[in-house]
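In: sequence isn't available, so here's the structure alone:
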């Protein structure tokens with residue numbers, strides 16, 4: 001998934017969390033952040 005799409009997904013997850021704080025969005029956001037960090041580390045290597 002391109003970096004731009006990851007950022008859009010992150011924004012949408014934040015919006016979903018605002019609408020329903022009891023959702024599974026925090027877990028999805030954590031996975032998304034992990035993937036973004038992994039890609040950033042790979043780009044720097």
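Out: Yes, it's here. The shown structure was predicted, so the numbers you read here are calculated from the model rather than taken from an experiment. Numbers count the residues shown, from 1 in each chain.

In: all helices of the protein, in order?
Out: Under the criterion DSSP state H, the chain contains helices at 3-19, 25-44.

In: separation between residue 12 and residue 45?
Out: Residue 12 sits 29 Å away from residue 45, going by CB to CB, to the nearest Å. From N, CA and C alone the C-beta is placed, and that goes for glycine too.

In: tabulate the helices of the chain (a markdown table), appending mean neighbour count and mean pLDDT.
Out: Shown next, in a markdown table, are those (neighbours: other CB atoms under 10 Å; pLDDT from 0 to 100):
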| stretch | mean neighbour count | mean pLDDT |
| --- | --- | --- |
| helix 3-19 | 12 | 81 |
| helix 25-44 | 12 | 85 |
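
In: residue contacts, the spatially most central residue of the chain?
Out: By CA atoms, centre = their mean, the chain has its centre lying nearest to residue 32, at 3.2 Å. By CB atoms under 8 Å, 6 or more residues apart in numbering, the contact set of residue 32 is 6, 9-10, 13.

In: show me what contacts residue 9?
Out: 1, 32.

In: how about residue 39, nearest residue that isn't a chain neighbour?
Out: Of all residues not flanking residue 39 in the chain, residue 3 sits nearest, at 6.9 Å (CB to CB, 6 or more residues apart in numbering).

In: please apply the same query to residue 1.
Out: Residue 1 sits nearest to residue 9 (CB to CB, 6+ apart), 7.7 Å away.

In: tell me how far the one you found lies from residue 36.
Out: On the measure of CB to CB, residue 9 and residue 36 end up 10 Å apart.
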